[in-house]
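Student: after the sequence you'll find the predicted model.
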Amino acid sequence: MPSRTLFLGLLSALVPGALGAQARSWVAPQPPCDIKAGHFRVNSAIVDLQSAATKPNTRDRMLDAARDVLTRSITADGQDKNPAVWYYFGRYYVEVKDGAGADSAFRKALALAPQCQADIDGYREQLWSDVLQNGLRTWQENKLDSAKMLLRQAAGLRPNHPRALLALGQIYAAENKIDSASVALSKAAAAAGNDTAFAEQKKEALGTAARLYVGKLQSDTTAQRWQRSRFSRDSLQRLLAVDSSVMVRIEASSASRKARGARLAPADQQSFARDSSARAKAVADRRTALAARAPAVASDSAAAASVYDPVIRSFRTYLEAYPDATDAVAGLANLYYQSGRQAEASAAFEAIYPPGRNIDPDLLIDAGRGALRGNANAAGASLLERGLAKRPYNRDALVDLSNAYQSLRDSVRMLPVVQKLKGVDPLNRTTLRLQAAAWDLKGRRDSAQKYQDLAAGGQAVEIAISSLDADSSGYTLRGSATNAGSVPSPVQRLTFEFVDTNGNVQVTQAVEIPQLAPQGSRDLEIRVRGTALVAWRYRPS
């Protein structure tokens, strides 16, 4: 977050010159604001205001006279529906630099004479500049109550301009008034709209609002109670899943013996019966405990919803405005996870990164990784799938997607992704472990064991690529080859292919890795020429 001095300097640099620097003159209402006095007292007030503007020596006395005449025209003459009364009251407040009075008077004038919008906007802006300058100066002098009053006046004068609201939000944030700060900053962001002149201020406003809400959430007792309640429930559910899985295997084993007519030895049968009974009791006890805690969990969840809602909204607003700010994706995903609303995460990220829109695939991949870091595995997997549709050889994204499907226990989707990973990075132990996990999810124990053995040291040489970096003359691929075995490795010959943004192979290069001693390793560095290379793959040759 920028310092107050820096922030003030940034805003002040954008504020036009103060009112006092302008030449004194009287300007009549400008067309189409064809507003008529309509009453002799109003006409008298106009004369007083004109005199105040053109004769500095009598200015204060004439302004007082104008105020008194306009007030009597309302209280004694029933002119409260005369738009000229409110228009000239607004002009009076501009002269005395009263932002709140001008805002109120001009609002009433516009309601009665909407054709004066452009004319009134000019006076609003003129006074806004002066009030804003005073507010910023008062802030810097640490007169916070006065500064907030002036900045609120400035915001009222130009509600569609973000400068006063940004400063007001920063003051509230420094005072740890989170709700007030977030409201002001959110209004500032809305006022900034798509104006590029305020792009950085808008981003800072939305980002600050989100961070403030997170800080408040971390100390909220309702959220803390819900987290304890959720953790307790989730722990019971995990234990129940384990016990239930064991019970299924126990029952299957018993059924298999009965079908074969086999019997256990008496001692083994007694042990089996004890284990079976103990596991069945554990399942029943955990189900009872979950049922008993269900009302409290539901109550804590409902109470926490109102606490999480504004935080989630602030993150969504930020990311919808700046979808490339993928560092915030993990935060939003984690909020859905913590609030127990993971089912909503996928819809939220689809709204931020619409499937029908042409979005940079690298942005989708970064967002997908952020969602995975925030425990939104289904949403992260969806974003990664979309990114990989255009970057099919992004090795790290394939690893992340494989891990996501493993967490989701999705055997149908995991295996094809792992097979693609094998086509990119076949001699890496991570690839081998994921292949073992994919086959294990499929129930293919023999295939799973095969790849587990390879990952544990059965493969002669492991290839680990660390980076693909560009410079002025091309690209450099860096990595290493390692022999984790107890005997020298055979010579390895690999063919590397480098692909462009369309997935087409642009450069091919053969590499020979000499024999490596047991536990030995060798750095890899491959230089290639080319442009717009985004990924690599290799195969033994």
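Tutor: Thanks, I have the structure now.

Student: when you work out contacts or count neighbours from here on, use the C-alpha atoms and nothing else.
Tutor: OK.

Student: on the three-state scheme, residue 194 is what?
Tutor: Classification of residue 194 using DSSP: H, G, I helix; E, B strand; the rest coil returns coil.

Student: now it. Its backbone dihedrals?
Tutor: phi -100, psi 20 (degrees, to the nearest 10).

Student: burial count for residue 249?
Tutor: 12 (other CA atoms under 10 Å).

Student: can you start the count at 237 instead of 1 from here on
Tutor: Understood, numbering begins at 237; the last thing we discussed is residue 485.

Student: select the longest helix from the chain.
Tutor: For the chain, the longest helix by residue count, based on DSSP state H, is helix 502-557.

Student: what packs against the next helix or strand after that one?
Tutor: The helix or strand immediately downstream of helix 502-557 is helix 565-574, counting by DSSP states H and E. In terms of contacts (3 or more CA pairs under 8 Å, 6 or more residues apart in numbering; DSSP states H and E), helix 565-574 is packed against helix 502-557, helix 578-588, helix 597-609.

Student: who does the shortest one touch, helix- and strand-wise?
Tutor: For helix 578-588, the elements it packs on are helix 502-557, helix 565-574, helix 613-624, judged by 3+ CA pairs under 8 Å, 6+ apart.

Student: turn these into JSON lines, including distance to residue 672 and mean neighbour count.
Tutor: What follows is the helices and strands packed on helix 578-588, written out as JSON lines (distance: least, CA to CA, whole Å; neighbours: other CA atoms under 10 Å):
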{"stretch": "helix 502-557", "distance to residue 672": "29", "mean neighbour count": "16"}
{"stretch": "helix 565-574", "distance to residue 672": "28", "mean neighbour count": "23"}
{"stretch": "helix 613-624", "distance to residue 672": "20", "mean neighbour count": "24"}
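
Student: could you dump those into TSV and include distance to residue 596?
Tutor: Formatted as TSV, these follow (distance: least, CA to CA, whole Å):
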stretch	distance to residue 596
helix 502-557	15
helix 565-574	16
helix 613-624	8
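
Student: so which of the ones you listed gets nearest residue 405?
Tutor: helix 502-557 (14.3 Å; CA to CA).

Student: how about residues contacting the helix or strand in which residue 743 is found?
Tutor: Using DSSP H and E, the element containing residue 743 is strand 741-749. Under the criterion CA atoms under 8 Å, 6 or more residues apart in numbering, residues 717, 727-736, 764-766, 769 lie in contact with strand 741-749.

Student: can you list the strands that it pairs with?
Tutor: strand 728-736 (antiparallel) (DSSP bridges).

Student: double-check that residue 706 belongs to a helix.
Tutor: No. Going by three-state DSSP, the assignment for residue 706 is strand, not a helix.

Student: in what helix or strand does the nearest residue in space to it that is not next to it in sequence lie?
Tutor: The spatially closest residue to residue 706, leaving aside those adjacent along the chain, is residue 712, at 6.5 Å (CA to CA, 6 or more residues apart in numbering). Secondary structure assignment for residue 712, by DSSP H and E: strand 710-718.

Student: any buried residues in that strand, and which?
Tutor: 711-714, 716-718 (16 or more other CA atoms under 10 Å).

Student: now swap in stretch 374-387 and tell me
Tutor: Applying 16+ other CA under 10 Å to stretch 374-387 flags 374-375, 380, 383-387 as buried.

Student: same check, this time on stretch 400-415
Tutor: Buried residues in stretch 400-415, counted by 16+ other CA under 10 Å: 400-409, 414-415.

Student: for stretch 618-633, measure first residue to last.
Tutor: 12 Å (CA to CA, to the nearest Å).

Student: same thing with stretch 583-596?
Tutor: One end of stretch 583-596 to the other measures 19 Å (CA to CA).

Student: what mean pLDDT does it get?
Tutor: Taken as a whole, stretch 583-596 has a mean pLDDT of 93.

Student: I'd guessed residue 281 sits against residue 309; true?
Tutor: No. At 9.7 Å, residue 281 does not count as touching residue 309 under the criterion of CA atoms under 8 Å.

Student: related to what we said a few turns ago, most widely separated two among the contacts of strand 741-749?
Tutor: 727 and 736 (29.7 Å).

Student: who has more neighbours out of the two?
Tutor: Legend: neighbour count by other CA under 10 Å for residue 727 and residue 736, higher for residue 736 (18 against 12).

Student: thought the more buried one was touching residue 773?
Tutor: No. Using CA under 8 Å as the test, residue 736 is too far from residue 773 to be in contact (11.8 Å).

Student: what is the end-to-end distance of stretch 736-751?
Tutor: Where stretch 736-751 begins and where it ends lie 32 Å apart, using CA to CA.

Student: residue 281 and residue 309: which has the busier surroundings?
Tutor: Set side by side, residue 281 and residue 309 show more neighbours around residue 281, with 27 against 20, by other CA under 10 Å.

Student: can you tell me, leaving aside adjacent residues, what's nearest to the more buried one?
Tutor: Per CA to CA, 6+ apart, closest to residue 281 is residue 302, 4.5 Å.

Student: sketch out the low-pLDDT regions of this structure for me.
Tutor: 237-260 (pLDDT under 70).

Student: strands of that one, start to end?
Tutor: Here the chain has its strands, by DSSP state E, at 698-707, 710-718, 728-736, 741-749, 757-764, 769-776.
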